Structure formats: C-alpha cells, structure tokens
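# predicted model and sequence below, questions to follow.
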Amino acid sequence: MKKVGIIFGGKSAEHEISLLSAKNVYDAIDKEKFNPTLIKIEKSGKWQMNEIFNFDVIFPILHGPFGEDGTIQGLLKLADIPFVGPDVLGSAVGMDKDVMKRLLRDAGIPIGKFLTIKSYETMPSFAEVQSAIGSGENKNIFFIKPANMGSSVGINKVKNQDELSAALKDAFQYDTKVIIEEFIPGREIECAVLGNEEPAASIPGEIIPSHDFYSYDAKYIDDNGAALEIPAKLDNDTIKRIQELAIKVFKTLNCEGLSRVDLFLKPNGELIVNEINTMPGFTKISMYPKMWEKSGISYTDLITRLIELAISRFERDQKLKTTVV
C-alpha cells in the first residue's frame with residue numbers, strides 16, 4: 001500500500017480553500033490502495049510535519065503562491081518524490097498570468113488584450129488604459145488582477161479612474177505585478193484536463209454568476225453567488241473546439257497531471273482563453289472533479305488516476321536520468 005502525503009494550507013491567501021480541498025481528498029481517497037497522511041502548512045509557513053521524505057507520493061493540495069507556483073514542486077523534485085500536478089515549469093508559468101498570457105499569445109492561442117504593471121512603475125491613467133487595450137462598446141470596462149493569485153482574490157472590475165486607482169492599490173497588496181485586462185463579454189466556460197503525454201479533456205462546464213462577475217465571495221461565501229451548469233449547454237462542435245483548445249493550452253504551458261482551463265465563449269462563437277489553473281479547487285463540488293464525474297470518472301477514481309499519473313511521470317523521468325548518465 002503506497003503512502004500518500006496530502007500537503008495543504010500554506011501561506012497563500014487561498015489557505016482556507018486548501019483546507020476544504022484536502023479534507024475532501026482525504027475522505028474520498030481509496031484507502032484500500034493508499035495510506036494517506038495529512039500534512040498541514042500553517043499561514044505562517046510552519047509545517048506541522050517536518051518529515052516529508054518517507055512518502056511514496058505527495059498530493060500537494062495547495063492553491064496560489066508558495067504552493068501552486070512551482071515552489072513546493074521544486075522542493076519535491078529535489079527530494080526525488082513523485083507529486084500530483086504539473087512540474088516546476090508548468091506550475092510556475094501557469095501561476096504567473098503575465099508569463100502565461102505571453103506564452104499563449106506566442107503560440108497563436110486567442111487571449112484578451114492586457115497590460116502588465118509592476119509596483120515600481122508609474123501607474124497608468126484610465127485614459128491610458130483605454131487607449132492601450134480598450135475596444136468596442138466595452139472600452140470603458142477592465143479587470144484588475146494580481147499576476148500571481150487565484151480564486152479571484154484581489155480582482156476588481158473597474159469603469160473609471162477612481163475605481164482603477166482603488167483596484168490597483170488592492171491588487172498590489174497581493175503581488176508586485178498586476179494585470180489589467182480588457183472586458184470580454186460572453187459565457188464563462190471551464191474545461192478540465194487530465195493526463196501526462198496524452199492528456200484528455202472533460203465535458204465542459206459553465207459558470208453563470210448572479211453578481212457582476214465570479215468574485216471570491218461568489219465562489220466561496222455567497223451560496224447564491226453563481227450557478228454551475230455541468231455539462232454546459234453547448235453544441236457538439238463547440239464542445240470539441242473547447243476540448244481541443246484546452247488541451248493545446250495545457251501542452252503549451254508544459255503542464256502534466258491536471259489543470260483546469262477557463263475560457264470565454266463570445267456571442268459570435270469565438271473562444272478566448274482566460275487562464276489556466278494548475279491546482280484547481282478540489283472539493284467534491286468543485287468544477288474540476290464535477291466535470292470529470294460527468295465525463296465518467298468518479299471523485300475517488302480521479303484521485304487514484306492523479307496519483308498514478310504522478311508515479312508514472314516520476315518513473316519516466318528517473319529512467320531518462322539513468323539513460324543520460
């Protein structure tokens with residue numbers, strides 16, 4: 001029976017979400033195949049268990065900085081321990097929205113217009129933002145986001161100079177680099193990807209926010225914050241295009257194991273990639289496992305599959321090291 005360490009918590013603003021995900025994974029993991037142990041990292045960064053080297057595989061249910069950004073992945077790689085989810089590079093570029101968008105753009109993948117602002121730079125005026133990335137009838141609406149954060153933490157929708165100034169101040173609490181994105185009208189579609197060398201995409205789901213946008217409160221606090229429709233009501237051709245695009249994003253960003261790709265479906269049928277999440281929320285009701293459940297893989301079987309993918313990648317990499325030496 002393989003010993004599985006489930007690392008959760010962490011220093012990120014998404015600490016509480018990680019607690020929920022880890023509890024669900026621990027409760028649902030196949031205990032006839034795996035012997036799980038919970039390993040908590042406090043908000044301060046202190047580990048409840050200092051010894052992580054006696055596990056056969058690690059499931060790092062950590063969201064946001066210091067967990068989803070390649071940090072813990074680098075530690076586990078150095079320690080020669082298999083782990084669930086993308087490797088160091090895929091985790092790092094998937095976390096940084098600025099780098100992610102540049103890579104996707106260079107690969108010819110459709111993304112929205114954006115600006116990157118660093119904390120030591122002169123802040124742009126609303127008019128300057130409009131001139132740089134504003135377009136069409138929505139040229140007066142933008143989203144401000146910390147470059148390295150998830151779960152809609154620090155995200156604000158702005159429509160004027162005062163809102164822009166306040167949103168930049170808020171976002172810079174979480175990161176030294178901030179993204180300003182154009183507003184893209186359309187349906188919010190998500191697609192789960194699973195696999196290593198030959199990834200597969202799930203049936204897509206749709207987020208239908210009841211508020212202005214799918215904020216942190218809408219995701220985790222307000223029970224009526226949004227409706228989740230799985231599967232999304234889409235024709236077969238659109239489903240296929242979404243799945244193919246999700247896999248292309250996954251491969252472009254050097255991801256393995258799992259990721260969730262978030263897209264916008266515009267009224268004219270055009271697909272625009274919003275972002276990738278390399279360790280999406282993992283409670284039983286989270287979008288990633290629910291989309292796979294509707295695609296035919298139960299929550300428990302999904303956990304097993306992810307652990308198997310982690311071990312398979314580790315064995316592949318170990319074989320490569322041996323061949324090179």
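That came in fine, so what should we check first? Residues are numbered from 1 along each chain as shown.

# so where do the helices sit in the stretch 101-250 of the chain?
Using DSSP state H, counting those that start in this stretch, the helices of the stretch 101-250 of the chain run over 126-133, 161-171, 216-220, 236-252.

# least confident of the ones you listed, on average?
For the helices of the stretch 101-250 of the chain, mean pLDDT drops lowest on helix 216-220, to a mean of 52.

# ok, back up a step: with mean neighbour count and distance to Arg316 added, can I get the helices of the stretch 101-250 of the chain in a markdown table?
All C-beta atoms are positioned from the backbone trio N, CA, C, and that covers glycine. A markdown table is the format used below for the helices of the stretch 101-250 of the chain (neighbours: other CB atoms under 10 Å; distance: least, CB to CB, whole Å):
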| stretch | mean neighbour count | distance to Arg316 |
| --- | --- | --- |
| helix 126-133 | 15 | 41 |
| helix 161-171 | 16 | 39 |
| helix 216-220 | 17 | 35 |
| helix 236-252 | 18 | 16 |
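
# out of these, which is closest to Pro65?
Across the helices of the stretch 101-250 of the chain, the minimum distance to Pro65, taken as CB to CB, is reached by helix 161-171, at 13.6 Å.

# relative to helix 126-133, how tilted is the closest one?
Computed with axes from the mean of the first three to the mean of the last three CA atoms, to 10 degrees, the direction of helix 161-171 lies at 80 degrees from that of helix 126-133.

# restricting to C-alpha, output helix 161-171 in PDB.
Taking Å, rounded to 0.1, in the frame of the first residue of the first chain, the C-alpha atoms of helix 161-171 are listed here in PDB:
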ATOM      1  CA  GLN A 161     -10.300  56.500 -12.800                       C
ATOM      2  CA  ASP A 162     -11.300  56.300  -9.100                       C
ATOM      3  CA  GLU A 163     -12.100  52.600  -9.400                       C
ATOM      4  CA  LEU A 164      -8.900  52.000 -11.300                       C
ATOM      5  CA  SER A 165      -6.800  53.600  -8.600                       C
ATOM      6  CA  ALA A 166      -8.500  51.700  -5.800                       C
ATOM      7  CA  ALA A 167      -8.300  48.400  -7.700                       C
ATOM      8  CA  LEU A 168      -4.600  48.800  -8.300                       C
ATOM      9  CA  LYS A 169      -4.000  49.500  -4.700                       C
ATOM     10  CA  ASP A 170      -5.900  46.400  -3.700                       C
ATOM     11  CA  ALA A 171      -4.200  44.100  -6.200                       C
END
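
# thinking again about what came up before, out of the helices of the stretch 101-250 of the chain, which is closest to Met1?
Where the helices of the stretch 101-250 of the chain are weighed against each other on CB to CB, the nearest is helix 236-252, at 30.9 Å.

# so which of the helices of the stretch 101-250 of the chain is nearest Ala226?
The closest of the helices of the stretch 101-250 of the chain to Ala226 is helix 216-220. By CB to CB, the value is 5.0 Å.

# nearest to Ile307, of the helices of the stretch 101-250 of the chain?
Comparison of these against Ile307 by CB to CB identifies helix 236-252 as nearest, at 19.0 Å.

# quick one: mean pLDDT over the next helix or strand after that closest one.
Per DSSP states H and E, the first helix or strand lying C-terminal to helix 236-252 is strand 257-265. Model confidence over strand 257-265 averages 98 on the pLDDT scale.

# check which helices and strands strand 257-265 sits against.
strand 187-195, helix 236-252, strand 271-277, helix 287-294, helix 299-324 (3 or more CB pairs under 8 Å, 6 or more residues apart in numbering; DSSP states H and E).

# out of these, which is closest to Lys40?
Using CB to CB, these put helix 299-324 closest to Lys40, at 18.7 Å.

# so which of the helices of the stretch 101-250 of the chain gets nearest Gly94?
The minimum distance between Gly94 and those falls on helix 236-252, with 9.3 Å, by CB to CB.
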